[in-house]
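[1] Turn this into a model:
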Amino acid sequence: MPFSNHCFKLLVAFCLLCASAYFSRADAFDNWTTVPITTNYNLFDAAYGNGRYIVGGQSKQTPDVAGIFASDDGFNWITVAGNGNTNIFTYPKKIIFANGRFVAVGWAGGFCTSTNGLNWEAGSVQSLTPVLVSLYGLTFGNGKFVAVGDTTDYWTHQGSSYSTSTNIFTSTDGINWTPRRSIVAVSSAKPISSVTYGNGNFLAVGEGGYLYSSSAAISWTRTLISGSNLASIIFGNGTFVVANGSTSVLVANAPNSIPGWTPINPGDVQISRVRFDYGVFWGFSYDPIASTNGIVISRDGTNWIKKGYTTHNVQPGNIPGGNRLIASSGTGVILSDLVAGIALRPGLPPQLDLSGITGSSYRIEYLNASPINGSNTWQTLTNFILPGSPYTWTDSQATNSPQRYYRAVLLP
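    As a prediction, this is how the structure comes out:
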């Protein structure tokens, strides 16, 4: 869910000595809330943009029907496709927000786009390829969306196997797509599961341990980098990370050959998919020895930290929302604690408790007058790297101000 200036505002006139909220939270990766959304859909992916969370998946009753749900806070959800609403396209496997819009791709070559997450425009790449392929991965970079997917279609041809090497598609708007070949020989084509953009290149991975690379997403080069299937690839902090569902990940800064990739053990846990948000690589993991689930995080892709995390269930509407990490989970979503939470301790000088992602960069800003329709200009008090969560910071400059309003900003 990438977006800048992630703010959580605490508006309080400290001079009035009014009752103020105080809380103690751990790192944002330590506590997660399970939010049920539906009983009729299996949900596969989630995204955030333009102030709205989106999650999508597949109907349990009618497998090719999509369900898409929207929320402004992550806890209260409405149905925008499915459950009797417009069937906008076949179910989504991947959803992203980029270039000012949501774009989702999925089964049978279906796609849809929306700027607000409520009104969607849909279509299919079916006419662009001789085989009705499903799309599994999606990214945006260098002014274009790139979707990747399967090579074989069994459904349309009633059990007969038809294959294609046209399993990459590009678009500048998420609506009009151009087909691309992942390799010339159809007989050698393999499904592609994930794609990302970084360092001026599009990189994709998939079945057979192959890496696909292209600078313009038009002509692609395929390289064998692993002996096992590769589930996902992501770029962040100048580094590419590939997860394959085993107890290792592949890491590279300049991935153009096999020697460029280094296998890393993230802690004897299995990771099938890794993400990059707020300056951190992270993914849900499974420990096959202890038979426990967890989360692993890393800032450089090489050094990983296993974090035990707790989850608790809530019914929508019980907890206020904010800026949080989000992941689809069965028929609902899992939300992290706030990535930029701030609270005021009683007393003078004002002491602020900031909670968020340990090791990330934050800024505390203030106003000496009540915020009015965004017309006030927030002033910087301090910038720092969060050493722990929560972290207490004292505003020693506030003694000359009759009142002061605060907010915390998670920096890119």
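[2] Strands along the stretch 1-150 of the chain, start to end?
    6-10, 31-36, 41-49, 52-59, 66-71, 77-81, 92-98, 101-106, 110-114, 121-124, 135-141, 144-149 (DSSP state E, counting those that start in this stretch).
[3] Run the angle between the third one and strand 52-59 for me.
    Taking axes from the mean of the first three to the mean of the last three C-alpha atoms, to 10 degrees, one finds that strand 41-49 is oriented at 160 degrees with respect to strand 52-59.
[4] what's the answer for the fifth one, then?
    An angle of 160 degrees separates the directions of strand 66-71 and strand 52-59 when computed by the same axes, to 10 degrees.
[5] Mind listing the strands strand 66-71 pairs with, and their directions?
    Here strand 66-71 has these sheet partners by DSSP bridges: strand 52-59 (antiparallel), strand 77-81 (antiparallel).
[6] do you know which of these lies nearest W304?
    strand 52-59 (26.8 Å; C-beta to C-beta). (Each C-beta comes from the backbone N, C-alpha and C, glycine too.)
[7] can I assume G208 sits in a helix?
    Yes. Per DSSP: H, G, I helix; E, B strand; the rest coil, G208 lies within a helix segment.
[8] Report the contact partners of it.
    190, 224, 229 (C-beta atoms under 8 Å, 6 or more residues apart in numbering).
[9] Select from those every entry located in strands.
    Within those, residues falling in strands by DSSP state E are L224.
[10] I'd like the contacts of G208 written out as a markdown table, with pLDDT, neighbour count and distance to T115 added.
    As requested, the contacts of G208 are exported to a markdown table (pLDDT from 0 to 100; neighbours: other C-beta atoms under 10 Å; distance: C-beta to C-beta, whole Å):
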| residue | pLDDT | neighbour count | distance to T115 |
| --- | --- | --- | --- |
| K190 | 94 | 21 | 34 |
| L224 | 93 | 10 | 40 |
| N229 | 93 | 17 | 35 |
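[11] Would you mind checking which of the contacts of G208 is nearest to I334?
    N229 (25.3 Å).
[12] re earlier: out of the strands paired with strand 66-71, the one nearest L386 is which?
    Here strand 52-59 is closest among the strands paired with strand 66-71 (C-beta to C-beta), at 23.8 Å.
[13] what is the orientation angle of that closest one with strand 101-106?
    Using the same axes, to 10 degrees: strand 52-59 against strand 101-106 is 20 degrees.
[14] Distance from strand 52-59 to the middle of the chain?
    13 Å (C-alpha atoms, centre = their mean, to the nearest Å).
[15] Same check on stretch 126-137?
    The answer for stretch 126-137 is 24 Å, by C-alpha atoms, centre = their mean.
[16] Need the mean per-residue confidence for it.
    Here stretch 126-137 scores 82 as its mean pLDDT.
[17] mind saving the C-alpha coords of it as CSV?
    Presented in CSV, the C-alpha positions along stretch 126-137 are these (Å, rounded to 0.1, in the frame of the first residue of the first chain):
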residue,chain,number,x,y,z
GLN,A,126,-9.3,-12.2,-24.1
SER,A,127,-9.2,-10.7,-27.6
LEU,A,128,-5.5,-10.0,-27.4
THR,A,129,-4.3,-13.6,-27.1
PRO,A,130,-5.2,-17.0,-28.7
VAL,A,131,-5.6,-18.5,-25.3
LEU,A,132,-7.8,-17.2,-22.5
VAL,A,133,-5.1,-16.8,-19.8
SER,A,134,-5.5,-15.8,-16.2
LEU,A,135,-3.5,-12.9,-14.8
TYR,A,136,-1.6,-13.3,-11.5
GLY,A,137,0.8,-10.3,-11.1
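[18] Having no further points to raise, I will conclude here.
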